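**Student:** Have a look at this prediction, sequence included:
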Amino acid sequence: MSEQIPDLARRWFDEVWNQKRSDTIDLLVHPECVGHHEGQTTKGGAEILAMRDQLLALMPDVKVTIEEIVADETNAVVRWKFAGNSSAGSRQPLSFDGLTWLKFSDGRIIEGWDRWNQAAFLQQLAV
C-alpha cells in the first residue's frame, strides 16, 4: 500500500464513518488489531464493525470532521468532531469531540486508542 500514514488516517474516518463503508474496515484493519475505546476493547475488524454499527444506530447521519492530523512513520493522531442527529423521535442534534491515535503496520491499523467525552454524549442522548 503506497498511501502515507496521514492519508490512511483520513481515509479511515472518511470511508468508515462518513461514507459508512464496511469494506474499508476489512481493508485497513490488521487481523490482529486491538482497539482501546471508551469502556470497550475490540479485537479485529468484526468487533470494530459491531462497535461502529452501535454508534450509527444512535446517530445514523453522523458526519466526522477531521480538525487536525499529526503523524510520523507508523502513527497518526487525529483530532476530530462527530456531529449528527439522534435516531430517537426528537432527532435531537448531537456532537462530541475526541482524539484517535492509530498505529499502522504494513499500511493497516494494528492498534488504536479513542478518547472522547462520552459522558457529555450520553447526557445529550438523555435530554
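**Tutor:** Done, it's in. In this text, all values refer to a predicted model and were calculated from it rather than measured experimentally.
**Student:** quick one: the helices in the protein?
**Tutor:** Counting by DSSP state H, residue ranges of the helices within the chain are 5-11, 22-28, 44-58, 118-126.
**Student:** Report the buried residues of the third one.
**Tutor:** Applying a neighbour-count criterion of 16 or more other CB atoms under 10 Å, the buried positions in helix 44-58 are 45, 47-49, 51-52, 58. (Each C-beta comes from the backbone N, C-alpha and C, glycine too.)
**Student:** what's the angle from the worst-scoring helix or strand of the chain on mean pLDDT to helix 44-58?
**Tutor:** Least confident helix or strand of the chain, by mean pLDDT, DSSP states H and E, is helix 118-126 with a mean of 82. For helix 118-126 against helix 44-58, the angle by axes from the mean of the first three to the mean of the last three CA atoms, to 10 degrees is 40 degrees.
**Student:** mind checking pLDDT for the residue lying closest to Trp12 once chain neighbours are set aside?
**Tutor:** Among residues not flanking Trp12 along the chain, Leu28 sits closest, at 5.8 Å (CB to CB, 6 or more residues apart in numbering). Listed pLDDT for Leu28 reads 97.
**Student:** which residues touch Leu28?
**Tutor:** 8, 11-12, 16, 107-109 (CB atoms under 8 Å, 6 or more residues apart in numbering).
**Student:** and what of Gln92?
**Tutor:** With CB under 8 Å, 6+ apart, Gln92 has these contacts: 85-86, 124-125, 127.
**Student:** Isn't Arg11 up against Gln4?
**Tutor:** No. Applying CB atoms under 8 Å, one finds Arg11 not in contact with Gln4, separated by 10.4 Å.
**Student:** more neighbours, those two?
**Tutor:** Each of Arg11 and Gln4 has its neighbours counted (other CB atoms under 10 Å); Arg11 has more, 16 against 13.
**Student:** on that earlier part again, between the helices of the chain, which one is closest to Ile66.
**Tutor:** helix 5-11 (6.2 Å; CB to CB).
**Student:** What residues of the strand ranked longest in the chain count as buried?
**Tutor:** Taking DSSP state E as the criterion, the chain has its longest strand at strand 93-105. Across strand 93-105, burial judged by 16+ other CB under 10 Å covers 94-98, 100-104.
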